[in-house]
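> Output the structure for:
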Amino acid sequence: MSDLGEIVVYSCYFGKPEDINTASMGDGAGYRRVMVSDDPDLSLPSAEILHDDLLPLNPVHASRRAKLMPHKYFPQADWCIYVDNRVTLNVSPATLIRHAQAQFESPDQTIKRMAFRHGVRRTAFEELDHLYAIGRISQPDWERTNQLFETMGVTGDDLTMNPVLVQRMGDGATDSFNERWYEVFLTLPARDQLALPLVEHATGQKLARSPSSFTEFVTWPAILRRNRATRLLQASDRKPKVFSLARISYKLNKMSVARDIQSAKNNRLSRAGTDGQLSEAISPNPRK
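From the prediction side, this is the model:
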């Protein structure tokens, strides 16, 4: 891989959300493997540890700093590949980099970073509604973000999923874009794929999109989310009666959420044909 220069494959582990999956970063042959973490006691024999305590940020917001802005952590690298802890990398980094290089060849592709398209949902609105429906974001956050998307006029249908990101390092435009991405992410519900369409819309720049499914390169998920739920259930001392009451409350809430989402969809459709100019809620230039 010498012709590609220094390659860093890195992951982030903040708040101990699950077991560490060192296979996420591949076998480490001929490149650096780095785990960025807020745990000062973390030690891995097969990877470098980069301690990054970003208190008072919560673990989700803190972990995205390295994910979205690798130039802050690996300024000497030629290539950086971010992989989520719940992914297992099945190809060599060189294979993934060559694939990304092909996407950067378009003359209008100014951002030297590649993501993969979402395999199920296509728009930011679909992702936002889905997160609200499954309880990952609150009603106030859903309403506020929905209004922001509408105010900005975000209409793209190129939603990404970002457990794998490939970046050519040393490009100032890409670094500035990533800083803007993180800045906007901090203002939204904790989902960087929601911030990306806003930044792309405001700046007129885009990450490259792979034409392939990311499952051609990785296994996802390597750690199932239900493992987290099982551990929480085992640790709970709540009684069955409380579970039953909680179940009733859950069903009522689902009905209310479904009504909210349907109402929002109807409003979007009614506004889709209007000719009014939408003002921008975010300036196109990053704050210094």
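> which residues of the stretch 1-150 of the chain fall in helices?
Assigned by DSSP state H, counting those that start in this stretch, the helices in the stretch 1-150 of the chain fall at 59-68, 93-104, 124-133, 139-152.
> residues of the longest one that come out buried?
Of the residues in helix 139-152, those buried under the neighbour-count criterion (16 or more other C-beta atoms under 10 Å) are 141-142, 145-146, 148-150, 152. Just so you know, the C-beta spots here come from the backbone N, C-alpha and C atoms, and that holds for glycine as well.
> next SSE after it?
Next along the chain after helix 139-152, taking DSSP states H and E as the criterion, comes strand 160-168.
> Least confident secondary structure element in this structure?
Sorting the helices and strands of the chain by mean pLDDT, DSSP states H and E puts helix 225-235 at the bottom, at a mean of 46.
> remind me which residues of this protein are low pLDDT?
Within the chain, the segments meeting pLDDT under 70 span 1-2, 224-243, 245-247, 249-250, 273-288.
> Enumerate every residue touching Ile134.
Not one residue lies near Ile134 by C-beta atoms under 8 Å, 6 or more residues apart in numbering.
> for Phe214, same thing?
116, 119, 161, 163-164, 220.
> Please look at Leu148 and Leu198 and confirm they touch.
Yes - with contact defined as C-beta atoms under 8 Å, Leu148 and Leu198 form a contacting pair (7.2 Å).
> The longest helix anywhere in the chain vs helix 124-133, what angle?
Longest helix in the chain by number of residues (criterion: DSSP state H): helix 240-271. Per axes from the mean of the first three to the mean of the last three C-alpha atoms, to 10 degrees, the angle that helix 240-271 makes with helix 124-133 is 160 degrees.
> and the end-to-end length of stretch 62-78?
24 Å (C-alpha to C-alpha, to the nearest Å).
> shared neighbours of Leu148 and Leu198, which are they?
By C-beta under 8 Å, 6+ apart, the residues touching both Leu148 and Leu198 are Leu188.
> could you dump stretch 136-152 to PDB, C-alpha only?
What follows is stretch 136-152 as a C-alpha-only set of coordinates in PDB (Å, rounded to 0.1, in the frame of the first residue of the first chain):
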ATOM      1  CA  ARG A 136     -34.900   7.700  18.900                       C
ATOM      2  CA  ILE A 137     -35.700  11.500  19.000                       C
ATOM      3  CA  SER A 138     -38.300  13.400  21.000                       C
ATOM      4  CA  GLN A 139     -41.300  15.200  19.600                       C
ATOM      5  CA  PRO A 140     -39.800  18.700  20.200                       C
ATOM      6  CA  ASP A 141     -36.600  17.700  18.400                       C
ATOM      7  CA  TRP A 142     -38.600  16.100  15.500                       C
ATOM      8  CA  GLU A 143     -40.800  19.200  15.100                       C
ATOM      9  CA  ARG A 144     -37.900  21.600  15.300                       C
ATOM     10  CA  THR A 145     -35.800  19.700  12.800                       C
ATOM     11  CA  ASN A 146     -38.700  19.100  10.500                       C
ATOM     12  CA  GLN A 147     -39.300  22.900  10.500                       C
ATOM     13  CA  LEU A 148     -35.700  23.500   9.800                       C
ATOM     14  CA  PHE A 149     -35.600  21.200   6.800                       C
ATOM     15  CA  GLU A 150     -38.800  22.800   5.400                       C
ATOM     16  CA  THR A 151     -37.500  26.400   6.000                       C
ATOM     17  CA  MET A 152     -34.200  25.600   4.200                       C
END
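> From Phe214, how far off is the nearest residue to Arg191 once chain neighbours are set aside?
Closest residue to Arg191 apart from its sequence neighbours, by C-beta to C-beta, 6 or more residues apart in numbering: Leu131 at 6.4 Å. Leu131 sits 20 Å away from Phe214, going by C-beta to C-beta, to the nearest Å.
> Then Leu252?
Counting by C-beta to C-beta - Leu252 and Phe214 are separated by 37 Å.
> contacting residues for Arg168?
By C-beta under 8 Å, 6+ apart, the neighbours of Arg168 are 78-79, 100-101, 104, 112-113, 174.
> rewinding a little: now, which of the contacts of Phe214 sits nearest Thr88?
Closest approach between the contacts of Phe214 and Thr88, by C-beta to C-beta: Trp220, at 7.8 Å.
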